[in-house]
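Participant: Sequence isn't available, so here's the structure alone:
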Ligand code: URA
């Protein structure tokens, strides 16, 4: 691939900037030899200021989204993208989050530039489970498991009932919920329909992929094993 296009597509800068950096000797091969902007290169052979380049597409990431960050630039507040390197916002193809979490929800949020992967994860037909840990304002009633598993619960303003969801009580005011769909504010509205209120919400898993010990605000690349985990059991 031509060097200036490669580096511009990775979001480091415009092709004109790449030309300047090449002239200044910032972009080299592994032997430290400056490269011309129009050189035909293998991405793995290129160093930018002595560092390996970011991976080319397709790229997948997982982020531990902290409370207080929003997934949509239509909402007020800091954007989750601010937790990723600035140049990721300028990559071609574009990176986007795989679905959304509310500003007040924390936990596992995926990003990818691979449209087919994104579709496969969010498509209801894939039946990828999303696991949420919920803290509630009031004690559980006791019939939540039955109601959520029934496949008949209708949320306000909707015309199709929710698909059956898994439920496990973890304490008087704590529960784990397993969803196979993703409707707007679904978890909060489900507990709202039971006369309760969610005070803290955290997503721990998407499919078989878990957040693990990734600290809030931290991200890492998805490996091919992570992708296998993600689809395991779906
Ligand atoms: N359900 C919600 O209510 N909020 C989220 O962020 C995710 C699922």
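Facilitator: That came through fine. This structure is a prediction, so every number in the text was calculated from the model and none was measured.

Participant: Would you confirm that residue 112 contacts residue 96?
Facilitator: Yes. In this structure residue 112 lies within contact range of residue 96 using Cβ atoms under 8 Å: 7.3 Å. C-betas here are computed from N, CA, C, even on glycine.

Participant: out of those two, which sits in the busier spot?
Facilitator: Comparing residue 112 with residue 96 by neighbour count (other Cβ atoms under 10 Å), the higher total belongs to residue 112, at 23 against 14.

Participant: Would you mind measuring from the nearest residue to the more buried one once chain neighbours are set aside to the ligand?
Facilitator: Once flanking residues are discounted, residue 112 sits nearest to residue 60: 4.5 Å by Cβ to Cβ, 6 or more residues apart in numbering. Noted for residue 60: a distance of 20 Å to the ligand, by Cβ to the nearest ligand atom, to the nearest Å.

Participant: Now do the contacts for residue 60.
Facilitator: 110-112, 114, 117, 221-222, 226-227 (Cβ atoms under 8 Å, 6 or more residues apart in numbering).

Participant: quick revisit: mutual contacts of residue 112 and residue 96, please.
Facilitator: residue 118.

Participant: Would you mind giving the contacts of residue 60 as JSON lines with secondary structure added?
Facilitator: What follows is the contacts of residue 60, written out as JSON lines (DSSP: H, G, I helix; E, B strand; the rest coil):
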{"residue": "110", "secondary structure": "strand"}
{"residue": "111", "secondary structure": "strand"}
{"residue": "112", "secondary structure": "strand"}
{"residue": "114", "secondary structure": "coil"}
{"residue": "117", "secondary structure": "helix"}
{"residue": "221", "secondary structure": "strand"}
{"residue": "222", "secondary structure": "coil"}
{"residue": "226", "secondary structure": "helix"}
{"residue": "227", "secondary structure": "helix"}
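
Participant: for those, which one is nearest residue 194?
Facilitator: residue 110 (28.6 Å; Cβ to Cβ).

Participant: And the helices in this structure, which stretches?
Facilitator: Taking DSSP state H, the helices of the chain run over residues 3-9, 15-24, 115-122, 144-149, 186-193, 224-231.

Participant: and this structure, what are its domains?
Facilitator: 3-52, 60-124+208-231, 129-206 (automatic domain parsing).
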